[in-house]
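[1] Coordinates only, no sequence provided:
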């Protein structure tokens, strides 16, 4: 990929880190405006609220001459660090969507000549193509039933599954999850007031074990 294009959107991370998390809401507001995604405005408000809370805590501790081991100073420092890490992790995926950046592709390996490996890599490439189609033309993607292996269809999406509309048991089966995870996904969808706008939202609200996150990210798809 062109190095200039690869660098697009890196200002998201620069703003978050350079401001010690205080301006973490800014990249989320930019992404929300570009992607027209309501959930991103929610995250913008959340990061802004946390930033304001931290700014209130830290000056208060300093003004009262508190020592460095004052609980408020510790809470402020830990909170700022946690916010920087959380924001950067979230923004890594959001940045790709905003700027249309493909996921990094590893260089070809000798074992890729194995037929089973080649088939798996081909399915992965199909999933990436299907995800791009969902982002570019959601209406056509719905007509092709991308992410709906439970419905009759002809388009091969490489094994994607729609986390908002496919049955929870189908999501679990496609992603290699157990029955308990299927129940957690079902409960999260029923309790959430709106459809999920990202895979990470489902991961948080369903309270899934972190060991399952990559399994879901590999095959889950979300319509914007």
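    That came through fine. Just so you know, these numbers come straight off a predicted model, no measurement behind them.

[2] Quickly list the domain ranges of the chain.
    3-99, 112-221 (automatic domain parsing).

[3] Output these in a markdown table; the columns should cover mean pLDDT.
    Compiled in a markdown table, the domains of the chain are given as follows (pLDDT from 0 to 100):
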| stretch | mean pLDDT |
| --- | --- |
| domain 3-99 | 82 |
| domain 112-221 | 90 |
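
[4] Mean neighbour count added to the ones you listed, as TSV?
    Just so you know, the C-beta spots here come from the backbone N, C-alpha and C atoms, and that holds for glycine as well. Output for these, formatted as TSV (neighbours: other CB atoms under 10 Å):
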stretch	mean neighbour count
domain 3-99	16
domain 112-221	16
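
[5] can you give me the helices for the chain?
    3-6, 11-18, 25-35, 38-63, 71-99, 115-136, 138-143, 168-175, 179-191, 199-205, 213-219 (DSSP state H).

[6] closest to residue 149 out of those?
    Nearest of those to residue 149, taken as CB to CB: helix 168-175 at 6.2 Å.

[7] where does that closest one sit relative to the chain's centre, distance-wise?
    Remark: helix 168-175 is offset 19 Å from the chain centroid, using CA atoms, centre = their mean, to the nearest Å.

[8] do stretch 80-94 as well
    Using CA atoms, centre = their mean, the offset of stretch 80-94 from its chain centre is 11 Å.

[9] What of stretch 32-45?
    Here stretch 32-45 is found 13 Å from its chain centre; the criterion is CA atoms, centre = their mean.

[10] what does stretch 41-49 give?
    The chain centroid and the centroid of stretch 41-49 are separated by 16 Å under CA atoms, centre = their mean.

[11] Contacts for that stretch, please.
    Applying CB atoms under 8 Å, 6 or more residues apart in numbering, the external contacts of stretch 41-49 come out as 24-25, 28-29, 32, 83, 87, 90.
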